[in-house]
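Enquirer: could you look at this predicted model? Sequence included:
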2 protein chains.
Amino acid sequence: MVLDRYAKRKNTTGKKIEIIPIPLIKDIKPHDPLNVLVFKAIKASRKKLVDNDILVIAHKIISKAEGRIVNLRDLEPSSRSNKIAEANGKDARMIEIILNESKEIIRLSNGIIITETRHGFICANAGVDQSNVEDGYNNALLLPIDADRSAMKIRQFFKKRTGKKIAVIITDTFGRPFREGQTNVAIGVAGIEAIKSYIGLADMYGKQLRVTKIAVADEIASAAELAMGKSARVPTVIIRGYNYQSTEKKSQISKLIRPKTQDLFR
Amino acid sequence: MVLDRYAKRKNTTGKKIEIIPIPLIKDIKPHDPLNVLVFKAIKASRKKLVDNDILVIAHKIISKAEGRIVNLRDLEPSSRSNKIAEANGKDARMIEIILNESKEIIRLSNGIIITETRHGFICANAGVDQSNVEDGYNNALLLPIDADRSAMKIRQFFKKRTGKKIAVIITDTFGRPFREGQTNVAIGVAGIEAIKSYIGLADMYGKQLRVTKIAVADEIASAAELAMGKSARVPTVIIRGYNYQSTEKKSQISKLIRPKTQDLFR
C-alpha cells in the first residue's frame, strides 16, 4: 500500500505509540527501594518492559525515596526570608526553603515566586511542593538533587533486572510564561536524546526546515501526564513505540536548559 | 484485583492511551476539501474514529486549505519593515507579513522576532513560516485566522459523516522562554476543555493541591507531535483513550492565553 511504503521511507513507522499507566500500590516513603517497587508495580499491572520503552516517573516519588523532605518546624528563617514572606503573604519557612534551593529570584510579584533552581530550571517556588506529601502542612518536598543521575540509576537497575534497554524521564509540572495552565516537563533524562535535531534537514519541498530542535523529552513528559493525573496514584507511565534516538551520554537535561545569555526574557 | 479497583475509583481508567499517526497521501493545496481528505486518510490507514477520539491536526494543512499563503513578490514593505529587516539581517517582506499578523513586538534581538499575534499567541515570527510550503522561497504560510472555528467545523463534519463525537485540536510548534527546543502546542480547540482544573481538589492526603490547572490541550498537542515528526507527511494524529472533559463551548483557545496584565514576563 502506498501509504505504508511512504511511511516506512520517511522513518515514521506508521505505528501507534502507547501511553501505559502504571499505578503504584502504596505511597513511597523515604528510603523505600523505589526501583523494586516500580518493578513490582509494572508486574502487578500485568505489563512487561520491552526494549526502547520509555519509563516516565513523576519526580515526587523519586524525591520521597531520596529523602528530599524538609520539616518546616526544623527551620529558622533568615531575615531576608521573613521580609519576603511578609511582603507576599507567605510562610517564611517556605521562602527559606525556596531560596535555599535557588540560584536567584527571577520574578517576585502577587505572591508568585519564580526562581532559577540550583539545577537551572525556571519555575515557581523552586519546585518545592507541599501537596501529595504526608503531613503536607509541616513537610515540604524538594526536587531531586540530580534527577539525571536518578534516571540513570533506574535505567541501570531495569537493564540488570529485566535485560531490557529502556530510557527514563523524570518529570515535574511547571507553569509557562504567556500561556495559562501547567504542563509536565522533563527534569531528569537517561538513555534518550532530550532534543531531536532537524538542523540542516530539508522539508518535503527540499527547503531547509525552520523548526530545528524539538524538545522531545518535554513532549514525552506531557504525553505521560495525560495518564498520570494529579490526585491518583499513577506516578509512573510507560511510553511504548516511540522511535527515539538513544544515547549513553550523561547530562541530557542540560540540553533543555537555555543559557541565561541566550534567553530573551531574563 | 486491588490495583484495578483503585484505578477505577480514582477515575484513572488504568487503560492505555494511544497516539495513532494518520499520514496524508498528498500535500494540501489552497481550497482543497481538507475534511474529506482527512476522512479518506483515516480510512486509508485502516482506522475508524470512535466516540471521544481526539483528532490532532498540524495547523499547516489547515492554513493551506484556507488559502493563508502570501506570495512575497506581491509585497511592498513599509519603511518600518525595511528598517527592522536591515537591522536584523532579515527579508523586509517577511517582516512586513509578521507585523501584519501581530498586535505588538514582544522581543526583537539577535535576529529573533517574538510578537503577540492577532490571536494573542506569543511566538517567533507571528507563526509565519516558509518551510513545508510549495515554493517556500517565495511563499509564506500564515496561521489560520480563527483556528478554534476551523477545529469546530472539522468536528462538525466528522459528527455528520461518521456519527462520532470527537474533539479536534489544531497545533503549531512554538519555542519557550527558559527552555531549549520547541514543543507542539494547541492553537485551536473544539469539543474538549483546554484546561483541566483541579481547583479545590485534595491530594491523596486530603491537602489542597498546589497544581490546579493543567493545560491538557497543549499536552495532547505535544503527545501528537511524537507521531507527527517534522519532514514527513503525518500532519494528523488520533489520540484515543484519553478521558477528557468534553464541551460544546466555543473559544477554548482563549483559556490557554494568559492575559497581558497577569503575565510576569511582559
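Expert: Thanks, I have it. Residues are numbered from 1 along each chain as shown, chains lettered A, B, ... in the order given.
Enquirer: max-length helix in chain A?
Expert: helix A:147-162 (DSSP state H).
Enquirer: quick check: mean pLDDT of it?
Expert: The average of the pLDDT scores along helix A:147-162 is 98.
Enquirer: list the helices and strands the following helix or strand past that helix packs on?
Expert: Downstream of helix A:147-162, the next assigned helix or strand under DSSP states H and E is strand A:167-175. Applying 3 or more C-beta pairs under 8 Å, 6 or more residues apart in numbering or on different chains; DSSP states H and E, one finds that strand A:167-175 makes contact with strand A:54-58, helix A:59-65, strand A:122-124, helix A:147-162, strand A:182-190, helix A:216-228. (C-beta placed from N, C-alpha, C; glycine too.)
Enquirer: name the strands paired with strand A:167-175 and say parallel or antiparallel.
Expert: Partner strands and pairing direction for strand A:167-175 (DSSP bridges) are strand A:54-58 (parallel), strand A:182-190 (antiparallel).
Enquirer: tell me which residues of the shortest one come out buried.
Expert: Going back to what we said before, that points to strand A:54-58. The neighbour-count check on strand A:54-58 (16 or more other C-beta atoms under 10 Å in any protein chain shown) flags A:54-58 as buried.
Enquirer: who's A:D129 bridged to?
Expert: Partner residues in beta bridges with A:D129, using DSSP bridges, are A:L141.
Enquirer: which residues of the stretch 51-200 of chain A lie near chain B?
Expert: By the criterion of C-beta under 8 Å from any C-beta of the partner chain, the positions of the stretch 51-200 of chain A lying close to chain B are A:107, A:109, A:112, A:114, A:121-122, A:129-137, A:173, A:176-185, A:194-195, A:198.
Enquirer: in a markdown table, list the strands paired with strand A:167-175 along with mean pLDDT.
Expert: Below are the strands paired with strand A:167-175 laid out as a markdown table (pLDDT from 0 to 100):
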| stretch | mean pLDDT |
| --- | --- |
| strand A:54-58 | 98 |
| strand A:182-190 | 98 |
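Enquirer: and the ones you listed: which comes nearest B:K213?
Expert: For the strands paired with strand A:167-175, distance to B:K213 was read as C-beta to C-beta. The smallest value, 6.4 Å, belongs to strand A:182-190.
Enquirer: what's the first helix or strand after the closest one?
Expert: Secondary structure here is assigned by DSSP H and E; on that basis, the next helix or strand after strand A:182-190 toward the C-terminus is strand A:196-197.
Enquirer: contacts for that next one next, please.
Expert: Contact with strand A:196-197 is made by A:212-214, A:216, A:244-245, as judged by C-beta atoms under 8 Å, 6 or more residues apart in numbering or on different chains.
Enquirer: now do stretch A:30-40
Expert: Counting by C-beta under 8 Å, 6+ apart, stretch A:30-40 makes contact with A:22, A:24-25, A:28, A:55, A:57, A:61-62, A:64-67, A:69, A:153-154, A:157-158, A:161-162, A:236, all of which sit outside it.
Enquirer: again with stretch A:128-137
Expert: By C-beta under 8 Å, 6+ apart, stretch A:128-137 touches A:27, A:29, A:60, A:64, A:69, A:94, A:97-98, A:101, A:139-143, A:231, B:203-205, B:207-211.
Enquirer: and which of the contacts of strand A:196-197 is nearest A:A44?
Expert: A:Y244 (26.6 Å).
Enquirer: how near is the closest residue to that closest one other than its chain neighbours to chain B?
Expert: When the adjacent residues along the chain are set aside, A:Y244 lies closest to A:I192, with 5.0 Å between them (C-beta to C-beta, 6 or more residues apart in numbering or on different chains). A:I192 sits 12 Å away from chain B, taking C-beta to the nearest C-beta, to the nearest Å as the criterion.
Enquirer: which strand residues bridge A:I192?
Expert: A:S246.
Enquirer: that one reaches A:Q245, doesn't it?
Expert: Yes: with contact taken as C-beta atoms under 8 Å, A:I192 and A:Q245 are classed as touching, separated by 7.0 Å.
Enquirer: neighbour-wise, which of those two wins?
Expert: For A:I192 and A:Q245, the more surrounded residue by other C-beta atoms under 10 Å in any protein chain shown is A:I192, and the numbers stand at 25 against 12.
Enquirer: so who does that one touch?
Expert: A:54, A:167, A:169, A:216-217, A:220, A:244-247, A:252.
Enquirer: so after the least confident helix or strand in chain A by mean pLDDT, what's the next helix or strand?
Expert: For chain A, scoring each helix and strand by mean pLDDT, DSSP states H and E identifies helix A:2-9 as the least confident one, at a mean of 38. Along the chain past helix A:2-9, the next helix or strand (assigned with DSSP H and E) turns out to be strand A:17-22.
Enquirer: following the chain past that next one, name the next helix or strand.
Expert: Defined by DSSP H and E, the subsequent element after strand A:17-22 is helix A:34-44.
Enquirer: show me the shaky parts of the stretch 101-250 of chain A.
Expert: A:210-211, A:230-232 (pLDDT under 70).
Enquirer: how about a cut-off of 50?
Expert: Counting by pLDDT under 50, not a single residue of the stretch 101-250 of chain A qualifies.
Enquirer: done for today, thanks.
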